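Peer 1: Got a predicted structure plus its sequence, pasted below:
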Amino acid sequence: MRGAPCHGRLMLCAGEVEAAVPPLLGALASSRSGHWEPSTLCAALPQLTSFDHAAGRWEGQGLYVRVPDLKELPRIWSGPNAATPAEGKAGWIELSRGCRYSCSFCIVCSMKAGEFSAFGSEVIASEVVDAYGRGVRSFGLLAAATNYDKGSLGAACSAIKGLGGDVGVSGTIHVNYLDQERLALIRDLRWETMIVGLQTITPEAQRLMKRAEQPDSFGQGIEQLATFATPEVELILGLPGDTLEGFKRSINFALGLPISVSVYRLRLDPWSRYLEKMEPMGIEADFHNLGRVLSVPGFSATEIDEAEAWLLGLGSGQWKYRASRIMYDGREIWPKRERRK
Ligand code: SF4
C-alpha cells in the first residue's frame with residue numbers, strides 16, 4: 001500500500017492494508033495535536049518508511065506486515081459496511097495476493113519471492129454475486145495475474161458468467177500461465193482492460209530483472225488473447241542490462257503485435273531489489289522525482305533521453321504498426337486525440 005505525502009515528504013506504509021493501516025490510524029488519532037513528525041511516526045510503527053530528501057534516503061523500517069489468513073478477512077461486498085461501486089459501476093474482487101515471480105523492479109517481492117495466497121473459491125464466488133447485487137457491472141479482478149491460480153480464476157469466471165451478459169472485467173494476464181483450460185475460462189468474458197507484462201526482450205535485462213518472456217511464445221500467447229481482447233502490453237525504459245538498441249528492439253517487437261502498448265520509465269521503488277542494489281549495479285536515479293532512473297551501465301542518460309525522444313516521435317507521421325495504440329508514462333503517443341477547445 002502506498003501512502004500520501006506528509007509534511008512535504010513521501011511516506012509509505014508497507015504491508016497488507018488490513019494489517020498495516022489500522023495501527024497507523026490509531027497512532028494518528030492518539031496524537032493530541034493531530035500532528036506527527038514523520039520520523040516520530042516511523043520510529044513508532046515498523047511498517048512505515050519516509051523519504052528524507054535532504055539525506056537522499058528512506059528512513060524507518062518499512063517492514064511488510066501481513067494478515068494471518070485471507071479467508072478470515074471481512075467481506076468487501078456484504079454486511080453493514082459493504083462497499084459501493086465506484087464511477088462506471090466499477091468494483092474490485094480480490095483473487096489472490098503475492099506473486100509467483102519476484103521482478104527486480106517490483107515491490108510485490110516484499111511478500112517474499114514467489115509467495116502467493118488465494119482468497120478461496122467460496123469467498124470469490126460470493127463476493128462476485130454480492131458485488132453485482134450492489135450494482136457492480138465492471139469487475140476488476142485483482143491479483144498479480146488473474147490466471148495464476150486455476151481455482152480462483154475458475155470461481156471468478158463461473159460466478160461472473162452466471163450473472164448474465166451485462167458485465168465487463170479487467171485484470172492482468174500472465175502469458176506463461178495460458179493453457180487451454182485457462183483460455184477457455186477467460187475467453188467468454190467481456191474484457192475492458194487486459195494488462196500483460198513484457199517489460200523487455202533484451203536477454204541481459206531479463207536476466208537482471210529475474211523474469212524472462214521468450215518472444216516467440218509471448219507472441220503466440222498474445223495472438224490467442226487478441227482473438228477476444230486487446231491486450232495492453234507493458235514495457236519499461238531504463239532497465240539495467242538494456243541498451244538503446246535493445247530498447248528499440250523491444251518496442252518494435254511489441255508494435256508488431258495486435259495490442260495496445262504502454263511504456264513506463266523505470267522508477268526505483270522502496271523494497272525493490274533494484275533500489276537495494278542500486279550502488280553495486282551502477283544505477284543512477286532522481287529521488288527528487290520519485291526515483292526515476294536516469295542511467296544504467298550500458299544505457300547512459302543521453303541514450304535514455306534519445307530513446308524517450310524516439311518513442312515520442314513514433315506518433316509523428318504515418319502509423320505503420322500492427323499495435324493500435326502506444327502510451328508513455330500514461331500519455332498517449334498514438335493515436336493522438338484532438339485537443340478539446
Ligand atoms: S511485476 Fe508482476 S510478475 Fe513481476 S513480481 Fe511484480 S506482480 Fe509479479
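Peer 2: Structure's in. What do you need? Computed from a predicted model, the values in this text were never measured in an experiment.
Peer 1: Kindly report the residues of the protein close to the ligand.
Peer 2: C99, Y101, S102, C103, C106, V108, C109, A144, G197, R211 (CB under 6 Å from any ligand atom). Placement of C-beta: from N, CA and C, glycine included.
Peer 1: So this structure: which segments form each domain?
Peer 2: The chain breaks down into these structural domains: 5-59, 75-189, 195-202+216-341 (assignment by automatic domain parsing).
Peer 1: Can you lay out those domains as JSON lines showing distance to P68?
Peer 2: Formatted as JSON lines, the domains of the chain follow (distance: least, CB to CB, whole Å):
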{"stretch": "domain 5-59", "distance to P68": "9"}
{"stretch": "domain 75-189", "distance to P68": "10"}
{"stretch": "domain 195-202+216-341", "distance to P68": "21"}
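Peer 1: Is it possible to get CSV of the ones you listed that adds mean pLDDT and mean neighbour count?
Peer 2: Shown next, in CSV, are the domains of the chain (pLDDT from 0 to 100; neighbours: other CB atoms under 10 Å):
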stretch, mean pLDDT, mean neighbour count
domain 5-59, 82, 15
domain 75-189, 93, 18
domain 195-202+216-341, 94, 17
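Peer 1: could I get the longest strand along the chain in CSV with only the CA atoms?
Peer 2: If you go by DSSP state E, the chain has its longest strand at strand 191-199. Taking C-alpha atoms only, strand 191-199 is exported to CSV below (Å, rounded to 0.1, in the frame of the first residue of the first chain):
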residue,chain,number,x,y,z
TRP,A,191,-12.6,-7.7,-21.3
GLU,A,192,-12.4,-4.0,-20.8
THR,A,193,-8.8,-3.9,-19.8
MET,A,194,-6.3,-6.8,-20.0
ILE,A,195,-2.8,-5.9,-18.8
VAL,A,196,0.1,-8.2,-19.9
GLY,A,197,3.7,-7.6,-18.7
LEU,A,198,6.6,-8.0,-21.1
GLN,A,199,9.0,-5.2,-20.0
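Peer 1: Which positions in the helix or strand following that strand come out as buried?
Peer 2: For strand 191-199, the following helix or strand on the C-terminal side (DSSP states H and E) is helix 203-209. Across helix 203-209, burial judged by 16 or more other CB atoms under 10 Å covers A205, Q206, L208, M209.
Peer 1: show me what contacts the first one?
Peer 2: When you say that, I think you mean A205. Q199, L239, P240, G241, D242, G246 (CB atoms under 8 Å, 6 or more residues apart in numbering).
Peer 1: Over to the third one?
Peer 2: Residues in contact with L208, defined by CB under 8 Å, 6+ apart, are S104, L239, P240, G241, M281.
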